[in-house]
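**Q** this is the structure alone, sequence omitted:
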């Protein structure tokens, strides 16, 4: 059994399994791979018997602090209970000389999703693959009654071989079986409004974060992302499985586009008509046009009266007698209410339910 301080054992959760991993680590192979000024952990890569592993430990100033020691242990307990190809694997929890208590986990040879987005290295097909795998991993996570609470592109790894997804960093995660450290947590820019307001995080809080990730990965799925990010949780998708289904709803997408075009045509037609023909009356009916352009009417209305004389041709109409064009009216400023356009997109979004 791996060594753990007595205070840690007293706070242990029921499903925790002590690690049998050998705590002896060759410190010569230690390589720092992540250090955040605002975080409380350092992450190292080690070479253990010919295979790379990751050690996550508290920074020196936080070691021995009960709050952060419990955070580290809670992360291991949650991570150790998960087994899914889209989630980084946790192997053990042990004390390492010079580092204190450490979580040992799988090494992911790749880059973060944030880096992939910034470098523009994902094709449309790869974007869809990545989003599908995130949804699958999140569905599994929620089926285990676990909420990630810090889902963001920098906490999602993509392997160099195959761009396979690995969700990492369960430092702020929570589960139904834990009774400690239940306060709101996460990254402000990716945290749901109800959590920022001090409410409890649940699966739909992760769905909100997922929506922001979808929008960052692919602008083609902005309608799905928008529904994920509804302010009220009950207006969002109920599960990651529903999000995945919506991402592949081609027929729904086509119907949504057609609805947008149809509603836009009815809403904007009066404005477009006034722009094309400012200050003019509506076009006359077809029968009126036909009667006005008949040969008899044309000769009597457009040609001036002339004296009848034998073998004399009628004189062409003078330019002074040509019909005068009505003065054009000043063009009015056309203002389209943005709320009308917003309402159109909201109605189209409902098709993705």
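**A** Cool, got the structure. Just so you know, these numbers come straight off a predicted model, no measurement behind them.

**Q** every contact and neighbour count from this point should use C-alpha atoms.
**A** Will do.

**Q** low-confidence stretches in the stretch 1-150 of the chain?
**A** For the stretch 1-150 of the chain, applying pLDDT under 70 flags the ranges 1-25.

**Q** sketch out the strands for it, chain order is fine.
**A** Along the stretch 1-150 of the chain, counting by DSSP state E, counting those that start in this stretch, strands occupy 31-35, 41-48, 51-58, 90-96, 100-106, 110-112, 146-147.

**Q** out of those, flag the one nearest residue 211.
**A** Smallest distance to residue 211 across those (C-alpha to C-alpha): 15.4 Å, for strand 146-147.

**Q** may I have the strands that pair with the following helix or strand past that closest one, each with its orientation?
**A** Per DSSP states H and E, the first helix or strand lying C-terminal to strand 146-147 is strand 156-159. Here strand 156-159 has these sheet partners by DSSP bridges: strand 110-112 (antiparallel), strand 165-167 (antiparallel).

**Q** mean neighbour count, the ones you listed: which tops it?
**A** strand 165-167 (a mean of 25; mean count of other C-alpha atoms under 10 Å).

**Q** give the next helix or strand downstream of that one.
**A** strand 174-175.

**Q** hmm, back to that, quick one: which of the strands paired with strand 156-159 is nearest residue 159?
**A** Using C-alpha to C-alpha, the strands paired with strand 156-159 put strand 110-112 closest to residue 159, at 4.1 Å.

**Q** run through who's touching that closest one.
**A** With C-alpha atoms under 8 Å, 6 or more residues apart in numbering as the test, strand 110-112 has contacts from 153-161.

**Q** now the buried members of those residues.
**A** 153-154, 156-158 (16 or more other C-alpha atoms under 10 Å).

**Q** export those residues to TSV and tack on distance to residue 39?
**A** Formatted as TSV, the buried ones among the contacts of strand 110-112 follow (distance: C-alpha to C-alpha, whole Å):
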residue	distance to residue 39
153	17
154	14
156	17
157	19
158	22
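
**Q** and those, which is closest to residue 143?
**A** Of those, the one sitting nearest to residue 143 (C-alpha to C-alpha) turns out to be residue 156, at 19.2 Å.

**Q** please parse this structure into its domains.
**A** Domain ranges of the chain: 6-106, 110-248, 250-277+336-353, per automatic domain parsing.

**Q** could you say which of those domains is packed most deeply?
**A** Note that of the domains of the chain, domain 110-248 is the most buried (mean count of other C-alpha under 10 Å), with a mean of 19.

**Q** just the endpoints, please. Distance across that domain?
**A** Terminal residues of domain 110-248 are spaced 27 Å apart (C-alpha to C-alpha, to the nearest Å).

**Q** residue 187 is in contact with residue 196, correct?
**A** No: assessed by C-alpha atoms under 8 Å, residue 196 is found out of contact with residue 187, at 9.7 Å.

**Q** could I get the strands paired with strand 156-159 as JSON lines with distance to residue 249?
**A** Converted to JSON lines, these look like this (distance: least, C-alpha to C-alpha, whole Å):
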{"stretch": "strand 110-112", "distance to residue 249": "27"}
{"stretch": "strand 165-167", "distance to residue 249": "22"}
